[in-house]
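Student: structure for this input, please:
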Amino acid sequence: MLVINKDTIHNLDEPTKVALAKLLNSGTRSSVWDIGFHGELSLECKIIKHIDADTKKVRYELLSNESFRVQKFSTYYKSLATLSLTDFHPHLAVKQRKQGKMRLIKEQLVDAHLESEEHLGVIQQEAEGMLRNSFFHSKPLIHSGNRTYIVMRELPGEELFDIISQNKLTIQERWKLSVALLRALKTQIHDLDLIHRDIKPENILVERNGVDFIIYIIDFGYITPKDKDIRFEHRGSPAYAAPEVFGFTNKTEKVDIYSMGRVLMYLWGDEDDSQRRYLLDQNNPKTWLKLALNPGFEHIFSRMTYVPKCHDQIRNLIISMCRVRPEERPELPSLIQSFEQLCDELQEVEDVKPGLSSTYGAPGYFSQPPTQQTDDENQESPEKSIFCLIS
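Tutor: Numbers count the residues shown, from 1 in each chain. Below is the predicted model:
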């Protein structure tokens, strides 16, 4: 029996290469070869077939049996090797993936408890959104039975959540990250006519490039085109979701601006995000909405030893991103410009240090308390209209 596994794939003898090439070449209608016996071959790792979106070349990935990342409906695996058929004996080429060019395969189970066609449509949207972003190097969606596969590049960097949790960033680094995050949201999502709908630190990878940062916004599971009607869809992570996510009004790219505002709160020294998560009642959407309506701006800078000279401007920009009414949130170009203009106002203010008070934070933090939005006399507040829809 000829065995194919992680130990043998890079040292195949000629008969095994010929047999594997024959197996792959005979399965013209197959996209997946599962673990098991295939004629004279014993596959101890799954193989999937994919087609390059640009060159239209057919390639095969040998998947590791060890999961790289596990989510509710999906599991990520690393590719052990990329295979291709050749015109020359033994008709098989084996390419070992090098560090920096590793491939990941996202395997998703089409949920039988949901409308299968609806869930498959969501997965297809994710795959199409990833194809628009060149940094993923992703391939067209593979659908086999009740599972789908997306082949992509393993991206470098560290989760933003881990970086912020360490709380070791300087004021200059926090500012550079803020600008880089806003630019990434614009170029990687909104400029491509997409809405991400799940912006949060865990879905952002940060690669250090000298003194600068390269941002990758990932996890396109809730991605949607801007022109799609999503009034009746409620997607997002409760700790970062905009108020309108919980209602049945139309949702625009402003939901991403709200969520990025929540991310910037955490980046600029808001209290540990885990505390906010523990306050969430996972079975009570009313609790989620209350959190969305009351982000708690008084805690910005609370985990920082010193604050920047422009702390008022930063706080006001974050508040503007998290306004209850979507139309009152600023556009990304103006936000980017406003943050960039603060580059000469980042000096440490040594006589103003964090320390929570019962109202708005440490004395001297804010030139005035955060403004409270009031209802027009003849117009119902968004808080009431949204709350009624989920009560």
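Student: only C-alpha atoms for contact and neighbour calcs from this point on.
Tutor: OK.
Student: ok, the closest residue to residue 47 other than its chain neighbours - contacts?
Tutor: Distances taken as Cα to Cα, 6 or more residues apart in numbering place residue 62 nearest to residue 47, at 4.6 Å, with adjacent residues excluded. Neighbouring residues of residue 62 by Cα atoms under 8 Å, 6 or more residues apart in numbering: 45-48, 79-83.
Student: change it to 6 Å
Tutor: Counting by Cα atoms under 6 Å, 6 or more residues apart in numbering, residue 62 makes contact with 46-47, 79-81.
Student: from residue 203, how far out is it?
Tutor: Distance of residue 62 to residue 203, computed by Cα to Cα, to the nearest Å: 26 Å.
Student: cool, and residue 92?
Tutor: 37 Å.
Student: just residue 333 next, same as before
Tutor: 22 Å.
Student: what about the two, which has more around it?
Tutor: Taking other Cα atoms under 10 Å, residue 333 and residue 203 do not tie; residue 203 has more neighbours (15 against 11).
Student: list the contacts for the more buried one?
Tutor: So residue 203 contacts 218-219 (Cα under 6 Å, 6+ apart).
Student: what do you get if the cut-off is 8 Å, keeping everything else the same?
Tutor: Neighbours of residue 203 in contact, by Cα under 8 Å, 6+ apart: 159-160, 217-219.
Student: do the same with residue 303
Tutor: Counted by Cα under 8 Å, 6+ apart, residue 303 has contacts 167, 269-271, 354.
Student: mean confidence for stretch 127-147?
Tutor: Stretch 127-147 comes out with an average pLDDT of 94.
Student: how long is that stretch end to end?
Tutor: 14 Å.
Student: where does the stretch 201-350 of the chain dip in pLDDT?
Tutor: 272-282, 350 (pLDDT under 70).
Student: what segments of it are strands?
Tutor: 204-209, 212-217, 224-225, 307-308, 348-349 (DSSP state E, counting those that start in this stretch).
Student: turn those into JSON lines, including mean neighbour count and distance to residue 103.
Tutor: As requested, the strands of the stretch 201-350 of the chain are exported to JSON lines (neighbours: other Cα atoms under 10 Å; distance: least, Cα to Cα, whole Å):
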{"stretch": "strand 204-209", "mean neighbour count": "17", "distance to residue 103": "16"}
{"stretch": "strand 212-217", "mean neighbour count": "19", "distance to residue 103": "16"}
{"stretch": "strand 224-225", "mean neighbour count": "20", "distance to residue 103": "25"}
{"stretch": "strand 307-308", "mean neighbour count": "24", "distance to residue 103": "41"}
{"stretch": "strand 348-349", "mean neighbour count": "16", "distance to residue 103": "43"}
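Student: can you say which of those strands is nearest to residue 32?
Tutor: Nearest to residue 32, of all the strands of the stretch 201-350 of the chain, is strand 224-225, at 27.8 Å by Cα to Cα.
Student: just checking, what packs against that closest one?
Tutor: helix 116-132, strand 194-195 (3 or more Cα pairs under 8 Å, 6 or more residues apart in numbering; DSSP states H and E).
Student: just name the most buried of these.
Tutor: strand 194-195 (a mean of 24; mean count of other Cα atoms under 10 Å).
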